[in-house]
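S.K.: Give me a 3D structure for the following:
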Amino acid sequence: MSDPLPMWFAVQAELLDDDEEVESQCRSCFDCYDDASLFKLFHLTRACIEFVADIVRVRNKKFLFTPLSLDAMIMITLNFYAHGFYSTALKERFNVQSDCCDNIVFTVSEVVAGLSDQFISFPQTRKAKIDMAQMVADSCGIPDVLGLLAPAHFRIAEGALGLYVNSLGYPSVVCQMICDLDGNILSVEQCCAGGTHEQDLWGTSFRGREIEEELYGQYWIIGGEGYDLSKRVLTPVAEPRDEPQRNFNAAHAKIHEVTQKTRRSLKWRFRCLMQLGFEQHRLTNIIKACCVLHNIAKKFSVPLPHGMERFLDLQPRNPRTESAGIRPDVLIARQELIDNNFTVLPSLKQE
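M.R.: Next up is the predicted model:
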């Protein structure tokens, strides 16, 4: 995302202005922890938590008739996101059972996911698009790139069969994700069975239709081998025949690694995403809520918990066995890009 932090605080202020009574609420649930304990519980810093809590409070109509305070509900939810289970200490503190915690997480997740329009944003202005494209070109040499496209699989409870079983043999749901060079999530949509092909995700997605229709201009989206080369999705050359094509593939692979790092960061901070066991219609809000918080955490420069270098996130690959056919004009467009930029391998910056 290209919005500067002051713009985010402006968004926060605009949301808070909708409810002038928010400020008087007590924050004692969080105040009784020091900064290190807060990070251990939530994988977020105090400033980030307070930012999130302030925004959730203004959307508190869903919480009017709950026995718990808003802060307690936010605390239970953020702790679940961070660890993937309900803390015994928090359940005892607030005198709630796991089934009650489920309902709390579903309710808060719906509210946080509803903030995606404010905090998961695709480049809209001319300057934002130019800046994004320049960052990618400087990094790998591929010009006119607006984002990096990849599927993101999330394991679900064992017992789901059929199309939910992905190519690695476990049940999952898969979302379509687009991120920028810094790992900010620009778009997340779809929540389909894990056996869904990547190209089918793209072809039926709202963002995919917008990009292919060039509503954002004539920019590329970098896509992996599971996608078809198209007018706006730039894929690697399947069988490179010369040095420029090999140079292009090397640059493409380097920049596409950002999507892998983004998925790993998302799951390592919010470990509930490593094993989701709820109904699919509820999974969507949990996944989207974690993506919202991922972007907010990056804006606050919140570090990741230690140990991510040991975390392997193997992603299933579900390419279609038969391509619908690649148009000759898009093959020509990709080759022209290669000829104009990859006769010599550009210097690839280390991410």
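S.K.: just how off-centre is stretch 175-195 within its chain?
M.R.: Relative to its chain's centre, stretch 175-195 lies at 5 Å (Cα atoms, centre = their mean, to the nearest Å).
S.K.: Would you indicate which residues of that stretch are buried?
M.R.: 175-181, 183-195 (16 or more other Cβ atoms under 10 Å). From N, CA and C alone the C-beta is placed, and that goes for glycine too.
S.K.: mind listing the helices in the chain by residue range?
M.R.: Residue ranges of the helices in the chain, as given by DSSP state H, are 5-16, 28-31, 35-42, 46-58, 70-83, 88-94, 98-113, 116-119, 126-140, 198-203, 206-212, 243-269, 280-299, 328-341.
S.K.: Tell me which other helices or strands the fourth one touches.
M.R.: Contact analysis of helix 46-58 by 3 or more Cβ pairs under 8 Å, 6 or more residues apart in numbering; DSSP states H and E lists helix 5-16, helix 28-31, helix 35-42, helix 70-83, helix 98-113, helix 280-299 as its packing neighbours.
S.K.: Between the helices of the chain, which one is closest to L161.
M.R.: helix 280-299 (13.5 Å; Cβ to Cβ).
S.K.: Pull up the distance across stretch 163-174, start to finish.
M.R.: Start-to-end span of stretch 163-174 (Cα to Cα, to the nearest Å) is 11 Å.
S.K.: as a whole number, average confidence for that stretch?
M.R.: Throughout stretch 163-174, pLDDT has a mean value of 90.
S.K.: Now do the buried residues in that stretch.
M.R.: Y164, V165, N166, P171, S172, V173, V174.
S.K.: what about D34, how many residues close to it?
M.R.: 10 (other Cβ atoms under 10 Å).
S.K.: separation between it and N79?
M.R.: 16 Å (Cβ to Cβ, to the nearest Å).
S.K.: same question, E198
M.R.: Separation of E198 from N79 (Cβ to Cβ): 33 Å.
S.K.: same thing with I49?
M.R.: According to Cβ to Cβ, I49 stands 11 Å off from N79.
S.K.: who touches both of the two?
M.R.: Common neighbours of I49 and N79, using Cβ atoms under 8 Å, 6 or more residues apart in numbering, are F42.
S.K.: So which of the two has more stuff around it?
M.R.: I49 (26 against 22).
S.K.: From what I see, the more buried one and D31 are in contact.
M.R.: No: using Cβ atoms under 8 Å, I49 makes no contact with D31, being 10.9 Å away.
S.K.: How much space separates L70 from R264?
M.R.: 32 Å.
S.K.: higher neighbour count, those two?
M.R.: Set side by side, L70 and R264 show more neighbours around L70, with 21 against 18, by other Cβ under 10 Å.
S.K.: Low-confidence regions, the chain specifically.
M.R.: Applying pLDDT under 70 to the chain flags the ranges 1-28, 60-66, 160, 278-281, 318-324, 345-351.
S.K.: at 50 instead, please
M.R.: Within the chain, the stretches with pLDDT under 50 are 2, 4-6, 16, 19-26, 322, 351.
S.K.: mind checking the longest strand of it?
M.R.: Secondary structure of the chain per DSSP state E: the longest strand is strand 145-155.
S.K.: which of the residues in that strand are buried?
M.R.: V145, L146, G147, L148, L149, A150, P151, A152, H153, F154, R155.
S.K.: Show me which of the residues you listed is closest to T107.
M.R.: F154 (20.3 Å).
S.K.: partner residues bridging that closest one?
M.R.: Beta-bridge partners of F154, counted by DSSP bridges, are V173.
S.K.: Cool, thanks, talk later.
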